[in-house]
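>>> give me a model of this one.
(one chain, ligands or ions: 1)
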Amino acid sequence: MLRVLVCVSGGGTNLQAILDAGAKGELGDTEIVRVISNNPNAYALERAKNAGVDAVCVSPKDYAAREEFHAALLDAMNAAKPDLIVLAGFLVVIPKEVIQAYRGRIINIHPSLIPSFCGTGYYGLKVHEAALERGVKITGATVHYVDEGTDTGPIIAQKAVEVHDGDTPKELQLRVMQEAEWVILPKAIRMIADKQ
Ligand code: GRF
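Predicted structure coming up:
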């Protein structure tokens, strides 16, 4: 049984894709054991609760020092005893203590075909704005292992998505989510579960 912890910050559509895949038996021998958000208002927490998954918020606003937040985040992760940590729109720079504790067992979904449009400052809608600005005809999404860098770890899966003439950033973001993110993130978890 692969124990999976999912970290979120926002709407949680990638989390929902994972939960839906699990409900359909498409994740292999996997259990989503906990969802952690840094944002108490993240709808992703509602999605977790609706699916009966333990959902906790560890907010940096509740700690005087960043180091205390990092320690609380690591404690909340360790308490779930995860085999795999999935960053699904988690807008927190992962503390080095977490990387060291879970090296090779943290994956992230990024809304572009890495190495394009990634690294510091490239997140959420900004990624799609940059792709449209550059005029690429193909973009997509990437699942990769997380290391000390930003979007620099080994690539696990990618899926290409066409850019349509006249796309707005929001329209492109939705297409990349629907056609790529929500497909390759559950698949990546399944691949890792099957290798257990
Ligand atoms: C998505 O744009 C995803 O590509 C990025 O963060 C956003 C998360 O969206 N990693 P959601 O919270 O999963 O809906």
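
>>> which residue comes closest to the closest residue to the ligand within the chain once chain neighbours are left out?
Nearest residue of the chain to the ligand, counting by Cβ to the nearest ligand atom: Gly89, 2.4 Å away. To be clear about C-beta, it is placed using only N, CA and C from the backbone, and glycine gets the same treatment. Leaving aside its sequence neighbours, Gly89 sits nearest to Gly10 (Cβ to Cβ, 6 or more residues apart in numbering; 5.1 Å).

>>> ok, now which ones touch that neighbour?
Listed by Cβ atoms under 8 Å, 6 or more residues apart in numbering, the contact set of Gly10 reads 39, 42-44, 89, 91, 124.

>>> how much space between Asn41 and Asn50?
16 Å (Cβ to Cβ, to the nearest Å).

>>> can you check Val143 too?
Distance, Val143 to Asn50, by Cβ to Cβ: 24 Å.

>>> between these two, which one's more packed in?
Val143 (26 against 11; other Cβ atoms under 10 Å).

>>> for that one, which residues count as its bridge partners?
Ile109, Ala157 (DSSP bridges).

>>> in contact with it, which residues?
With Cβ under 8 Å, 6+ apart, Val143 has these contacts: 107-110, 155-158, 184-185, 188.

>>> likewise Arg103?
Asp147.

>>> pLDDT value on it, please?
Note on Arg103: pLDDT of 97.

>>> buried residues in the strand or helix carrying Leu132?
According to DSSP states H and E, Leu132 maps onto helix 125-134. Neighbour counts using 16 or more other Cβ atoms under 10 Å place 127-132 of helix 125-134 among the buried residues.

>>> just stretch 88-98 next, same as before
For stretch 88-98, by 16+ other Cβ under 10 Å, it's 88-90, 92, 94-95, 98.

>>> picking that back up, quick check, the residue of the chain closest to the ligand in contact with Val6.
No - contact criterion Cβ atoms under 8 Å: Gly89 and Val6 do not qualify, at 9.7 Å.

>>> thinking again about what came up before, so who does the residue of the chain closest to the ligand touch?
8-12, 14, 44, 109, 124.

>>> ok, now with 6 Å
8-10, 14 (Cβ atoms under 6 Å, 6 or more residues apart in numbering).

>>> for it, helix, strand, or coil?
Secondary structure assignment for Gly89 (DSSP: H, G, I helix; E, B strand; the rest coil): coil.

>>> which residues in the protein form strands?
For the chain, applying DSSP state E gives strands covering 2-8, 30-37, 55-57, 84-87, 106-110, 138-145, 155-162.

>>> save the ones you listed as CSV, and put in mean pLDDT too.
Formatted as CSV, the strands of the chain follow (pLDDT from 0 to 100):
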stretch, mean pLDDT
strand 2-8, 98
strand 30-37, 98
strand 55-57, 98
strand 84-87, 98
strand 106-110, 98
strand 138-145, 98
strand 155-162, 98
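
>>> need the ones you listed in JSON lines (columns: distance to Leu172).
Below are the strands of the chain laid out as JSON lines (distance: least, Cβ to Cβ, whole Å):
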{"stretch": "strand 2-8", "distance to Leu172": "22"}
{"stretch": "strand 30-37", "distance to Leu172": "25"}
{"stretch": "strand 55-57", "distance to Leu172": "30"}
{"stretch": "strand 84-87", "distance to Leu172": "21"}
{"stretch": "strand 106-110", "distance to Leu172": "14"}
{"stretch": "strand 138-145", "distance to Leu172": "7"}
{"stretch": "strand 155-162", "distance to Leu172": "8"}
